[in-house]
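Kindly generate the corresponding structure for this input.
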Amino acid sequence: MLLARHLTLAANRCEGNSLDRSAYTILSCLTCGGSLTLAQLSDAIGLEMSTLHRQTAAMLRSGLIERIPDPEGGIARKFVVTAEGEQQLAAACRENMGRLMRATQDWSPEDLSTFASYLTRFNQAIEAADQRPWPRPFAASRRADADLAPSV
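Modelled structure (predicted):
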């Protein structure tokens, strides 16, 4: 809880940061998963469709995402990250990594490795308990270039 709160509060204080937590989450999911429908986003993130609809509508207006026809010929339109969304997500990831690096600057390489291992294991256990393992099944098959997505 403290880690999430620290990153959220620090991001809110950062000048020029226009990504809120929901936009960060949605952009990360789309970066890893490729183009997704609202229903697929709802399933992946675990949020109600009405909540995601409001969030994606705001992101569409901000130019962070766009809707495209389903490349596979499905009826539902899909969301994809725009170049602006990619830039803002990359900047937010860099800011988060900088904050984490400053917080752990006096840790040994072994401590950092152990921490990363346990944090990854913890996140995977939480998602497995919620039956939402990461990477999601669509993530591996749709998008191999997930360099911008947060790893932990």
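
Geometrically speaking, which residue is the centre of this protein?
The chain has Ser28 as the residue nearest its centroid, 2.5 Å off, counting by C-alpha atoms, centre = their mean.

wait, doesn't it sit right on Leu89?
Yes: taking contacts as C-beta atoms under 8 Å, Ser28 lies within contact range of Leu89: 6.7 Å. C-beta here means a position set from N, CA and C on the backbone, and glycine is covered the same way.

rewinding a little: for the residue nearest to the centre of the chain, which three-state class applies?
Assigned with DSSP: H, G, I helix; E, B strand; the rest coil, Ser28 falls in the helix class.

Phe115 now?
helix.

wouldn't it be in contact with Thr104 here?
Yes: between Phe115 and Thr104 a contact is recorded at 7.3 Å, counting by C-beta under 8 Å.

what about the helices in this protein?
2-13, 21-33, 38-45, 49-62, 83-103, 109-129, 137-142 (DSSP state H).

Nearest to Glu72 among those helices would be which one?
helix 137-142 (10.3 Å; C-beta to C-beta).

average pLDDT across the closest one?
Average pLDDT, helix 137-142: 44.

and what of stretch 50-60?
95.

So which bits of it are buried?
Within stretch 50-60, the residues scored as buried using 16 or more other C-beta atoms under 10 Å are 52, 55-56, 59.

Restrict that stretch to CA atoms and write it as CSV.
Output in CSV follows, covering the C-alpha atoms of stretch 50-60 (Å, rounded to 0.1, in the frame of the first residue of the first chain):
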residue,chain,number,x,y,z
SER,A,50,-19.1,1.8,-16.8
THR,A,51,-16.0,2.9,-14.9
LEU,A,52,-13.7,2.0,-17.8
HIS,A,53,-16.1,3.7,-20.2
ARG,A,54,-15.7,7.0,-18.3
GLN,A,55,-11.9,6.6,-18.1
THR,A,56,-11.4,5.6,-21.7
ALA,A,57,-13.6,8.5,-22.8
ALA,A,58,-11.4,11.0,-21.0
MET,A,59,-8.3,9.3,-22.5
LEU,A,60,-9.8,9.6,-26.0
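
Done for today, thanks.
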